[in-house]
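> Dropping the sequence and predicted coords here.
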Amino acid sequence: MEQAAKPKLIDESGRRLDGRGPTDLRPLKVEVGVLEKSDGSAYIELGKTKVFAAVYGPKEAHPKHLAVPDRAILNCRYHMTSFSTDERKTLGMTRREIELSKVIREALESVVFLEEFPRSAIDVFIEVVQADGGTRTAGLTAASLALADAGIPMRELIAAVAVGKVDGTIILDPSDIEDKHGEADMPVGIAPRSNTMVLLQLNGKMTKDELKKGLELAQIGIQNIYQAQCEVLKKKYGVSMTEV
Amino acid sequence: MEQAAKPKLIDESGRRLDGRGPTDLRPLKVEVGVLEKSDGSAYIELGKTKVFAAVYGPKEAHPKHLAVPDRAILNCRYHMTSFSTDERKTLGMTRREIELSKVIREALESVVFLEEFPRSAIDVFIEVVQADGGTRTAGLTAASLALADAGIPMRELIAAVAVGKVDGTIILDPSDIEDKHGEADMPVGIAPRSNTMVLLQLNGKMTKDELKKGLELAQIGIQNIYQAQCEVLKKKYGVSMTEV
Amino acid sequence: MEQAAKPKLIDESGRRLDGRGPTDLRPLKVEVGVLEKSDGSAYIELGKTKVFAAVYGPKEAHPKHLAVPDRAILNCRYHMTSFSTDERKTLGMTRREIELSKVIREALESVVFLEEFPRSAIDVFIEVVQADGGTRTAGLTAASLALADAGIPMRELIAAVAVGKVDGTIILDPSDIEDKHGEADMPVGIAPRSNTMVLLQLNGKMTKDELKKGLELAQIGIQNIYQAQCEVLKKKYGVSMTEV
Amino acid sequence: MSFLPIKERSFAVRIMNDKIYKLLQQGKRIDERSPYDFRKITIQTNVVEKANGSALVSMGGTRILTGIKVELGTPYSDRPNEGIFSVNAELLPLASKSFEPGPPDERGIELARVVDRCIREGKSIDLERLCLVPGKMVYILYVDIYVLDYDGNYFDPSVMSAMAALATCTIPKYSATGERIEGEYMKVPIRDIPLSVTIGIIKDKLLVDPCSVEENSLDTSIVIGMDSTSNIVAMHKNSPGHIPLSLMESIINVAEEQIGKIRAQFMEAVRIGQEGR
Amino acid sequence: MSFLPIKERSFAVRIMNDKIYKLLQQGKRIDERSPYDFRKITIQTNVVEKANGSALVSMGGTRILTGIKVELGTPYSDRPNEGIFSVNAELLPLASKSFEPGPPDERGIELARVVDRCIREGKSIDLERLCLVPGKMVYILYVDIYVLDYDGNYFDPSVMSAMAALATCTIPKYSATGERIEGEYMKVPIRDIPLSVTIGIIKDKLLVDPCSVEENSLDTSIVIGMDSTSNIVAMHKNSPGHIPLSLMESIINVAEEQIGKIRAQFMEAVRIGQEGR
Amino acid sequence: MSFLPIKERSFAVRIMNDKIYKLLQQGKRIDERSPYDFRKITIQTNVVEKANGSALVSMGGTRILTGIKVELGTPYSDRPNEGIFSVNAELLPLASKSFEPGPPDERGIELARVVDRCIREGKSIDLERLCLVPGKMVYILYVDIYVLDYDGNYFDPSVMSAMAALATCTIPKYSATGERIEGEYMKVPIRDIPLSVTIGIIKDKLLVDPCSVEENSLDTSIVIGMDSTSNIVAMHKNSPGHIPLSLMESIINVAEEQIGKIRAQFMEAVRIGQEGR
């Protein structure tokens, strides 16, 4: 039982452990409508990070005393399978999962037209099948797609990605090992059309300049993810979100 | 801490550890109306297996949102005291108790005229005071009697018993030690008048022929138990169930 | 890990470990209106025992099915911070805290005019910041003040104190170490104007005579505490409770 | 959070309170008892063979089953020389429509803690004799109480049932290495037999062992535990209401007298149970 | 406490029951299958790299993901020579509007226990070969089943998914001192491959692998597990209703025949999965 | 499952949002503060003698009590050389009618995790110096935060209260055999003092340390933790709504400036607290 030594995360030529350059995203796979029984669903793969999202609703709020007269309530659960992580995750919701459920819910609330469905509830379920870094941002990205797939009206889509700092370099889309041994991890969720952040967290330490650089890098990554989201919706619905 | 060696369960002359032959039931004691405060109750002793059942209802379903417009809901809890088993059982419901509550409930639902009590609830509580094999079947037998004692209309009574396979022989009513070291355990709940099964499970391994033989043996055991049920009801209410 | 030897709790001259005589109360500090957001609040310090109490209500009972048509329900939670005791207390409610919540609630119910607020709820929260003996009685004393501070009508105030038996002597207001190594601990809550007990418990062993002496000593201690309660209310509201 | 149980305090209850009081003034009860009488008590021991000790006690329509399981384990760090005595109580939903399935609510916890107060905190068990290796290995006695049928006052039959199970319990012996010593058993090291009495109060009148109708109509009530030499080993006011200080002396006197009366029956039942083993 | 799920038993359900029965009389199903056919089955293994074994199985619109994590731990005290095989199942709220977030309810527990019954209780895993040091250290196999999409009958694809994950699982080897032996792996010691079939019953007719519309309209149903030589290794009647004793023989015969049919597909998928590792 | 708290978004709230924005345009606040001012802060340390460290911090009408208990225990298996730093937070029902009794809900968990992020994840504690025997025995610091009175923004006073308790905490020393070394104590190995500021946003305007009325009417808000050299050690957007990317630079600048201002007061309070021990 020894403390794992920190591996070198960026080599002399600026390559990361998996061969990427600092500003490269991992291979991205985006699908919608992947689960039969839900009203909307999506699947995101970002390297080995694999996440499902499903949406049920709008439907009657239950229990009824949670209903709100002037809008829908939005429920969100971010959950990981027990085998998604290196060490087996205990069954049941961890404190981390509870926190992430909250920040993802709040990000989604920022764009959904909740006021169109008074007294209703919209349920968003995110299931992390494998966690290799960036699960909350992948989850938010997938949830946003699943809401679109369910036909829930939104001001705009959300795309999200994490940036990190490893071996002194600001990098895009850190993997699990980069996150664990790096100096900082900053998940960012952006509503690209309004150029505003709907999710923002930072774990670890950055200078003001690094933070600025990190946010710029996040925007670049998010543009790529947003493209992929739009394409997959266009493919299924024959119309791009930007035209909605 | 050694793994207990498997004892010989059937001797040369075909006798079991407690002296029974393969097709013998343990001494059976059946009582109804044993608990003052419930609407109906029963007590079953089958060898050292000792089980109480009590029924409350029909009464208002609570919480109200569980009520169903066209019939009563039937709630069932199968529970064991902490000292009912060789090793102390933890307090609270184990997964086993939750499963057995479900299969017993479903067996009872098959015979109770739930549609006569719309929006109501009927609660069935089974308490295993001592567990020496066959507790779910004893519990179902007692619960069926307690429902009759509570005056809840039923298509017919249910009687139940387990059969097992030990040392290659199909036996009636296995005790705990026979269950633990045997090759299979098959609890069977039968509605004798319609000759249908309302509970059926199998743990362990049987061939098709053994299964057939086991079901035949179960029917014989159940006839005996059913007789005892009818007698005790006749004694209390002066009329046999078969006449109802 | 050795069992702590019992210290001598009363010396030759009749002094206790902290210098008190057998019938002395610890230094007492009483405050009302200490928490901004509650409808009424109080703080009690008795030596190192430090307790807050806050009251919310009368308000709508929630969930509604708990509401009672002819009076308010009174909810009470006695809770200790994790660092209030020598050994860290686990988070969540212990069995002890649940029991004490009940006896404190029942003591308060004895004096509050619940029937003036049908279908309502009154919540009483007691937080033990530091526990050095006598926390349930300090909590009850503080809760009674917080109810008065919230303007909830009461038949009369309650004051409470514990008495103990250590080294064969009946003492007033035992500290934690006296409680732990003593022979008995008797918390007493009294409604002084009617001279009745609304809380009474005994842990440990006393003769009939010791019990009698203990109750007399409790009444003396309670008179002092009651004075302090009345003074602090008079100071805040300009009128003593005895005139109400 | 503790909250007010939905107890009927309606007009009907006040009438019953009145009725009980008037009967008490004439030395009578609604069920024909005298004010200070317990209901009929029956005590059976060794009713569950798989338990190390067990007892089924009826007090009128209230029935309590207690079983004891003995295990080896590690002592509490602040009590390295003492065995562990753990009491749990469950108000089974079979017993009353007012009991719900689920983990013990505040009433179950209160019951367990009052029984524990009478027995363990009153020092009636010599826990040091349940220590095998100080700080390492001790006997743990799990005393689990189940209310099977409930017609008022579960405190007194529970204390009695726990004591009967303890007094007839056989503990398998272990060596200091944790090996079971085949065939050797010991008894629970009991120092004294505490018993309890629940006394109900209406105005200036007392009654013993309330049945459920009485329980719902009392002004208040208190449980008192006493050992064999009439020391008070536990008290617990167990419902809202006022106890006039002036009544305490008679309360204790009634408790002493009535516990004395049931003690003989208890000792006889335990003697039979011990012989039966 | 187990309670009656709010299942539609309305007029509409009775009509569907009738309709399904009439189709069965003609040898037909609502989804064009023959009465004894399974829906289309797909089996993917090694779908989660961080798991020691994993499989995603679709049976029509029902999709089950199983992952296995292996850890070292202490054996159960009454099974000192055996590894631990622990099955858990979660009905994810993604899968159906009838599943709610939270700890497994009785359906999730039932599913886990039925899978366990088919595999562990049917002795299909040689648990003794998962023991490192008797009484001290054994391998623990956590078999965690997630229902991702639910269109009826989660039992059969769950058993299949668990078996596929087990058959393609690689266990890192450890020495008796608990040290990881770098680069060495072993397989799960599988004795036999049990599979299950769920058979629905309407009057005197049987159907295999009910989809959700059928499931809601059956008289009752039963899950049957069989090993490769057609021994019955598990049975579990999983809904209210009556099974006529006279039907049991055909039920077992149908089970034997249909499990035989899916076994070939299963073995082929596992073979591919094992090569893929 | 996270759900939308029933926050007033009524007409009245929109009016208040408007009012606050108009005041901000004039450099004003509803409670007379300047936009970037914290409310009045008071810091008391060593308020609970039975804790190893404790602090009571008021920020306007919000009051936070933190206590620290130190125990010995086993390190996490992936961090064998580090002590354990465990933060818990409870929103006591005394503090606000919007807090309910029971285990921490998502807000309590969020608070604990944000404090932990500022302190432990920002590497402000040298956890390696809290290791006694690698892999075997380490100090565990339980940092328990209680919100006693709540008038908005519990994040900043909680970070401050935790840091004040840590800075004035005394840890009893133990030998490598786990024996208490009588009379010897050490301090918590603090590398840096992170503090946090919560910044509310309405359109293009910022405000610092929102009181509860403001909190309910903001567009959104973010908590920012900084160390003594103005590195950002934590960020946490803590409510729904949009933060324009264009605002980030001013947000960070305001955070740097305002944390600088409260740092002096904090250091002075801690100095007094340390001398007081």
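Thanks, I have the structure now.

> what residue ranges in the chain score low on pLDDT?
Went with chain A since none was named. In the predicted model, chain A carries pLDDT under 70 at residues A:1-4, A:239-244.

> think we crossed wires, I meant chain D
Flagging of chain D using pLDDT under 70 yields the residue ranges D:4-10, D:276-277.

> Now the phi/psi pair for D:S196, please.
phi -130, psi 160 (degrees, to the nearest 10).

> give me the number of residues near it?
Per other Cβ atoms under 10 Å in any protein chain shown, the neighbour tally for D:S196 reads 28. C-beta: built from backbone N, CA, C; applies to glycine.

> Same question for D:A12.
Neighbourhood size, D:A12 [other Cβ under 10 Å]: 11.

> quick one: it is in a helix?
Yes. With DSSP: H, G, I helix; E, B strand; the rest coil as the criterion, D:A12 is part of a helix.

> Helices along the chain, start to end?
Just going to use chain A. A:95-109, A:135-149, A:176-181, A:208-237 (DSSP state H).

> um, chain D though
Using DSSP H, helices in chain D cover D:11-25, D:106-116, D:155-167, D:212-215, D:248-276.

> Chain neighbours aside, what residue packs nearest to the spatially most central residue of chain D?
Closest to where the C-alpha atoms of chain D average out (Cα atoms, centre = their mean) is D:V159, at 2.0 Å. Spatial nearest neighbour of D:V159, chain neighbours left out: D:S196 (4.3 Å); criterion: Cβ to Cβ, 6 or more residues apart in numbering or on different chains.

> cool, and A:K29?
Closest residue to A:K29 apart from its sequence neighbours, by Cβ to Cβ, 6+ apart: A:E45 at 3.9 Å.

> you'd agree that neighbour is up against A:L25?
No. Counting by Cβ atoms under 8 Å, A:E45 does not reach A:L25; the two are 11.8 Å apart.

> Overlap of the contact sets of these two?
By Cβ atoms under 8 Å, 6 or more residues apart in numbering or on different chains, A:E45 and A:L25 have no common neighbours.

> Count the residues that sit near the residue in chain A that chain B sits nearest to.
Taking Cβ to the nearest Cβ, chain B has its nearest neighbour within chain A at A:P63, 7.2 Å off. Other residues lying near A:P63 total 9 when counted by other Cβ under 10 Å.

> just the one 3 residues further on next, same as before
Using other Cβ under 10 Å, A:L66 has 14 other residues around it.

> you'd agree it is up against C:P63?
No. Using Cβ under 8 Å, A:L66 is not in contact with C:P63, being 11.6 Å away.

> ranges for the strands of the chain?
Just so you know, I chose chain A. Applying DSSP state E to chain A gives strands spanning A:28-32, A:40-46, A:49-60, A:73-80, A:120-130, A:159-166, A:169-172, A:184-191, A:196-206.

> could you do chain D instead?
Under DSSP E, chain D gives strands at D:2-3, D:41-45, D:53-59, D:62-73, D:84-91, D:131-133, D:137-149, D:170-174, D:180-187, D:195-202, D:205-208, D:220-226, D:232-237, D:243-244.

> May I have the fourth one as CSV, with CA atoms only?
Taking Å, rounded to 0.1, in the frame of the first residue of the first chain, the C-alpha atoms of strand D:62-73 are listed here in CSV:
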residue,chain,number,x,y,z
THR,D,62,-50.3,-6.9,26.8
ARG,D,63,-47.9,-9.5,25.8
ILE,D,64,-44.1,-9.2,25.6
LEU,D,65,-41.5,-11.6,24.1
THR,D,66,-37.9,-11.1,25.0
GLY,D,67,-35.0,-13.2,23.6
ILE,D,68,-31.3,-13.0,24.4
LYS,D,69,-28.5,-13.8,22.0
VAL,D,70,-24.9,-13.9,23.4
GLU,D,71,-21.9,-13.1,21.2
LEU,D,72,-18.3,-12.3,21.7
GLY,D,73,-17.0,-8.9,20.8
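
> could you say what helices and strands that strand packs with?
Counting contacts by 3 or more Cβ pairs under 8 Å, 6 or more residues apart in numbering or on different chains; DSSP states H and E, strand D:62-73 packs against strand D:53-59, strand D:137-149, helix D:155-167, strand D:170-174.
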